[in-house]
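Asker: Predicted coordinates and the sequence they were generated for:
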Amino acid sequence: MYQVLYRKYRPKVFSDVYGQDHVTSTLRNEIKNGRVSHAYLFTGSRGTGKTTCAKILAKAVNCENNQDGEPCNECEVCRGIESGDIFDVVEIDAASNNGVDNIRDLREEANYTPSRGKYRVYIIDEVHMLSTGAFNALLKTLEEPPAHVIFILATTEVHKLPATILSRCQRFDFKRIQPETMSKRLMQVASLEGITLDDDAAILIARIADGALRDGLSILDQCASRSKEVNSALVSEVAGLAGREAMFSLSDCIAKKDSSAAISLISELYQNSFDMERLCSEMINHFRNLLVIKTTKNSRPLIICTDDEYNILASAASAFTLEAIINALDLFQNTLVTIKSGATARIEMEMALVRLCEPKLDSGINSILDRVSAVERAVRNGVFAAPVKAQAPETEAKPMPEEKPEPEKKNPFEDIIKKESKPEPQPEPQPEPSFEADETPLPPPVEEAPLPPVDEAPVQPPVSEPPAAEKTQTEEQKSEAVEFPQWGEFMDEIRKSEITLYSIFVGAKGYTRGDIFLIDSPNSSIGDFIKKNNYSKNIKIALYNITGKKYKIGIYKREQSSDNEKRDALDDLILRAQRKTNVEIK
């Protein structure tokens, strides 16, 4: 009869146990020095060697030819325990023998001396399944058992054990077996069985097994039933994985916000009988790798994959913000819980991907943080500006009447301009720019209706005849408006001089057409605001400090867009930033 690999290659001595050196070395020393305890507690996740080490310990304490703490596996006692002919080692499944009566029977049997070996060893597996009454019945015997009795308790959920039990045992925590260690064992077993196992396939099996060597050997056994040449593609097919290509394709759809491609890929995987629950788990692991790369400087040792796959992961991580990765992890975790509760797996996966591809559909806090992060990223890359069409419409600029300042008031910036514009090493003074009240009025956009009133009483703006200089504009002035390249420096100057004006200009943009400086702002009342408190003079001073030129001030007037669709506020901000910085924001 065929024997499965995990039973055939179960370790028979402590040195054959992989990945648990901290446990096996201690047990060997205790046996070698005669310091064997009366009660042991082995805890850890499944497939890490708890029951195996318990059986090796039971043989080692009864072995007639003990060799440095290891059982010889050749004496009559070792062979009898291995075959089950000697009943001094009793293995009890606490999941099905969890009552008080079962523990009472065990206490009565413990009083009998061993028939062949030195000790009667009771291995109680899944001990956390015992009832409260059974724990109480075991307590006294566990504390002071007969001299010839050893208890070995094994559990995967140590937190369910009473503190009174824990305090009476020597506790050993079994760790998850590292993928590198497991892959070596898999390669060794494959070589003994005549199986050709690729390195990538061994690593993939170790990743799927999640630290449980028994699961890894079971997957290898299943793959060997299909073919003696085991590669990563065969492992993915046998284990029901979507494969690395599907993971990267789905994450690429999320990065590009392409919900149509994501749904099509889910449909294709579903038609090929891929398990949607396993797919969700794989997506969680995939985004966990992206999270590690995004947050850790030396992330390579923390990710189980080949070097080529790591390079692809690093490239994929650059397409996401940290908030986007956390949002995806949170959404897939919730989706996995929902699937396990009985919901339709395919629909839940499709909904999760659509939410990730269309962030405005998700009202969760992580999704909102992701979108706000995109806005912050845009702010760092440049100043927000209103969307500009490919062909900016030509606008005629007419002078906007400027409030004439009182003669006795002196411009507070004239002294500053004189100091800054006058170089210290030059003996001759430089000509100072003048910003007198009677200079050419500001050219505003063409407005057929009168400007809205500023005060309570309606005030009709005076209609003034544009000066002759403006009537005969040069060809350069009539040309198309050009975006002002020093807008950032201009905003810094305005911020230093007039913080109120700076706050109004946030989200605005500047254009020049000849000697006219046009302000493009989403605020429709920007023209009225500039006319107040001599703000236009502050603008001209800031422009002169940056460019050394004197500009007339106007308002950029654009044609009304025929698109009346309401757009999401955050999407609109991101779109503005993209057009400003030519940087695609994910």
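Answerer: Ah, there it is. The shown structure was predicted, so the numbers you read here are calculated from the model rather than taken from an experiment.
Asker: Next, count neighbours for residue 116.
Answerer: For residue 116, the count of nearby residues is 14 (other C-beta atoms under 10 Å). Every C-beta, even on glycine, is put in place using the N, C-alpha and C of the backbone.
Asker: ok, it - contacts?
Answerer: Residue 116 sits next to 62, 76, 77, 80, 86, 88 when contact means C-beta atoms under 8 Å, 6 or more residues apart in numbering.
Asker: Do you have the strands of this protein handy? List them.
Answerer: Here the chain has its strands, by DSSP state E, at 39-44, 89-93, 120-125, 149-155, 170-174, 196-197, 229-230, 482-483, 509-513, 516-520, 552-555.
Asker: for the fifth one, the distance to its chain's centre please.
Answerer: For strand 170-174, the distance from its own C-alpha centre to the chain's C-alpha centre is 33 Å (C-alpha atoms, centre = their mean, to the nearest Å).
Asker: One more: the first one?
Answerer: A distance of 36 Å separates the centroid of the chain from that of strand 39-44, by C-alpha atoms, centre = their mean.
Asker: Quick one: residues in contact with that strand.
Answerer: By C-beta under 8 Å, 6+ apart, the surrounding residues in contact with strand 39-44 are 23, 50-51, 53-54, 57, 142, 145, 150-156, 158, 161, 165-166, 168-176.
Asker: what's the closest non-adjacent residue to residue 535?
Answerer: residue 501 (5.3 Å; C-beta to C-beta, 6 or more residues apart in numbering).
Asker: What pLDDT is listed against that neighbour?
Answerer: Residue 501 is assigned a pLDDT of 75 by the prediction.
Asker: distance of it from residue 552?
Answerer: Distance of residue 501 to residue 552, computed by C-beta to C-beta, to the nearest Å: 17 Å.
Asker: now swap in residue 327 and tell me
Answerer: 49 Å.
Asker: more crowded one of these two?
Answerer: Legend: neighbour count by other C-beta under 10 Å for residue 327 and residue 552, higher for residue 327 (27 against 23).
Asker: Which of the strands of the chain sits closest to residue 33?
Answerer: Taking C-beta to C-beta, strand 170-174 is the member of the strands of the chain nearest to residue 33, at 14.2 Å.
Asker: buried ones in that closest one?
Answerer: Within strand 170-174, the residues that qualify as buried are 172, 174, counting by 16 or more other C-beta atoms under 10 Å.
Asker: same question, stretch 5-22
Answerer: The neighbour-count check on stretch 5-22 (16+ other C-beta under 10 Å) flags 5, 6, 9, 10, 11, 12, 13, 14, 17, 18, 19, 20 as buried.
Asker: Same list (those residues) but as a markdown table, adding distance to residue 302.
Answerer: Formatted as a markdown table, the buried residues of stretch 5-22 follow (distance: C-beta to C-beta, whole Å):
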| residue | distance to residue 302 |
| --- | --- |
| 5 | 29 |
| 6 | 28 |
| 9 | 29 |
| 10 | 31 |
| 11 | 28 |
| 12 | 34 |
| 13 | 32 |
| 14 | 29 |
| 17 | 25 |
| 18 | 21 |
| 19 | 17 |
| 20 | 21 |
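Asker: just to revisit the earlier point, quick one, which of the contacts of strand 39-44 are buried?
Answerer: Neighbour-count burial (16+ other C-beta under 10 Å) applied to the contacts of strand 39-44 gives 23, 50-51, 53-54, 57, 142, 145, 150-156, 158, 161, 165, 168-169, 172, 174, 176.
Asker: follow-up on the earlier one: the strands of the chain into CSV, with extra columns for distance to residue 209 and mean pLDDT?
Answerer: Output for the strands of the chain, formatted as CSV (distance: least, C-beta to C-beta, whole Å; pLDDT from 0 to 100):
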stretch, distance to residue 209, mean pLDDT
strand 39-44, 14, 93
strand 89-93, 23, 90
strand 120-125, 20, 92
strand 149-155, 19, 93
strand 170-174, 15, 93
strand 196-197, 14, 91
strand 229-230, 14, 90
strand 482-483, 59, 84
strand 509-513, 58, 85
strand 516-520, 61, 85
strand 552-555, 68, 84
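Asker: Take these and write them to JSON lines, including distance to residue 109.
Answerer: As requested, those are arranged in JSON lines below (distance: least, C-beta to C-beta, whole Å):
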{"stretch": "strand 39-44", "distance to residue 109": "16"}
{"stretch": "strand 89-93", "distance to residue 109": "8"}
{"stretch": "strand 120-125", "distance to residue 109": "8"}
{"stretch": "strand 149-155", "distance to residue 109": "9"}
{"stretch": "strand 170-174", "distance to residue 109": "23"}
{"stretch": "strand 196-197", "distance to residue 109": "45"}
{"stretch": "strand 229-230", "distance to residue 109": "46"}
{"stretch": "strand 482-483", "distance to residue 109": "91"}
{"stretch": "strand 509-513", "distance to residue 109": "89"}
{"stretch": "strand 516-520", "distance to residue 109": "92"}
{"stretch": "strand 552-555", "distance to residue 109": "98"}
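Asker: Now do the end-to-end distance for stretch 336-356.
Answerer: Stretch 336-356 stretches 15 Å from its first residue to its last (C-alpha to C-alpha, to the nearest Å).
Asker: who's in contact with that stretch?
Answerer: By C-beta under 8 Å, 6+ apart, stretch 336-356 touches 250, 253-254, 259, 262-263, 266, 270, 275-277, 279-281, 284, 327-328, 331-332, 335, 361-362, 367.
Asker: Tell me which of those residues fall in helices.
Answerer: Of those, the ones assigned to helices by DSSP state H are 250, 253-254, 259, 262-263, 266, 270, 276-277, 279-281, 284, 327-328, 331-332, 335, 367.
Asker: sorry, back to before: need the max-distance pair from the buried residues of stretch 5-22.
Answerer: Most distant of these, by C-beta to C-beta, are 5 and 14, 20.5 Å apart.
Asker: could you pull out the helices for the stretch 201-350 of the chain?
Answerer: Listed in chain order, the helices of the stretch 201-350 of the chain (DSSP state H, counting those that start in this stretch) span residues 213-226, 232-239, 244-256, 259-271, 276-295, 307-317, 322-340, 345-357.
Asker: returning to that earlier point: just the buried ones out of the contacts of residue 116, please.
Answerer: Buried among those (16+ other C-beta under 10 Å): 62, 77, 80, 86, 88.
Asker: doesn't residue 86 make contact with the second one?
Answerer: Yes - counting by C-beta atoms under 8 Å, residue 77 touches residue 86, with 6.5 Å between them.
Asker: shared neighbours, these two?
Answerer: Contacts common to residue 77 and residue 86, judged by C-beta under 8 Å, 6+ apart, are 116, 117.
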